[in-house]
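Visitor: Fold the following.
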Amino acid sequence: MGESTSWSRLFEYRGQIHEKYPDIWDLKILRKRFPLMLRNLRDGEKVLDIGASNRNLQDRLRRHFPRLIYKSMDIDREQFHDFYSLEEIQEHFDVIFLFEVIEHLDLEEGIGLLKRAYELLTPGGRLILTTPNVFNPNRFWRDATHRVAYCYDELGGILLAQGFHIKEMYRTYSDAYHRYLLRVYVMAPLHRYLGIDFAKSILAVAEKQGR
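Guide: Down below sits the predicted model:
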């Protein structure tokens, strides 16, 4: 379990997550993640988008923050990125995005990625990440490249183990408004009874403490 954190210590960190979120259903539903991203950004800050694919976030963010410094990292060399490996990066960032990436790595690699993200953040910097919700089985198993399924408490515990402070955690579900209302306000009791969630991903906002 990484270089400096034992399994028993991880269980303690998971317990801290349970104190705030005793069950998956205690995580609030977030319909759109982009407004949350905007709330956690300030103009002129430096952003690193890990697993950035086609870099489509750059233009969307700069419409709101014209002086934002955006850089991307992805292993796909068929598209332009500022970095193609974490080892290349020799600068620090105010915000790191890590959307639907960590589940594609094995456990030790995923922990190493979060540890490296912590190192790359400035004090007070924010990590915003998502991963498939294991209480929605189809969400994880539909992709054969997924390696590790993270329950929300395990994800939170691993973040705490790397030194992060958990600011917020959510279940994300974006759909047409009528289907969203049906799921959230009508079907939710049935989902809870069956132990199968409709929310597609878990989103965490974690902060590197200190200034």
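Visitor: from here on, contacts and neighbour counts on C-alpha atoms
Guide: Fine.
Visitor: Relative to the longest strand along the chain, what are the paired strands and their orientations?
Guide: When the chain is scanned for its longest strand (criterion: DSSP state E), the result is strand 121-132. The strands beside strand 121-132 in its sheet (DSSP bridges) come out as strand 93-99 (parallel), strand 201-208 (antiparallel).
Visitor: got the CA positions of it in PDB?
Guide: Output of strand 121-132 as PDB, limited to C-alpha atoms (Å, rounded to 0.1, in the frame of the first residue of the first chain):
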ATOM      1  CA  LEU A 121       0.300  21.200  -6.300                       C
ATOM      2  CA  THR A 122       1.200  24.500  -4.700                       C
ATOM      3  CA  PRO A 123       0.200  24.900  -1.000                       C
ATOM      4  CA  GLY A 124      -3.500  25.400  -0.900                       C
ATOM      5  CA  GLY A 125      -3.800  23.800  -4.400                       C
ATOM      6  CA  ARG A 126      -6.900  21.700  -5.300                       C
ATOM      7  CA  LEU A 127      -7.200  18.300  -6.900                       C
ATOM      8  CA  ILE A 128     -10.500  17.600  -8.500                       C
ATOM      9  CA  LEU A 129     -11.000  14.000  -9.600                       C
ATOM     10  CA  THR A 130     -13.700  11.600 -10.600                       C
ATOM     11  CA  THR A 131     -13.800   7.800 -10.900                       C
ATOM     12  CA  PRO A 132     -16.700   5.400 -11.700                       C
END
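Visitor: what pLDDT, on average, does the next helix or strand after that strand get?
Guide: Once the chain leaves strand 121-132, the next helix or strand it forms, by DSSP states H and E, is helix 137-141. Helix 137-141 carries an average pLDDT of 86.
Visitor: Report the contact partners of the residue nearest the centre of the chain.
Guide: Among the residues of the chain, the one closest to the centroid is Leu129, at 1.4 Å (C-alpha atoms, centre = their mean). Shown in contact with Leu129 (C-alpha atoms under 8 Å, 6 or more residues apart in numbering): Phe97, Leu98, Phe99, Glu100, Leu203, Ala204, Val205.
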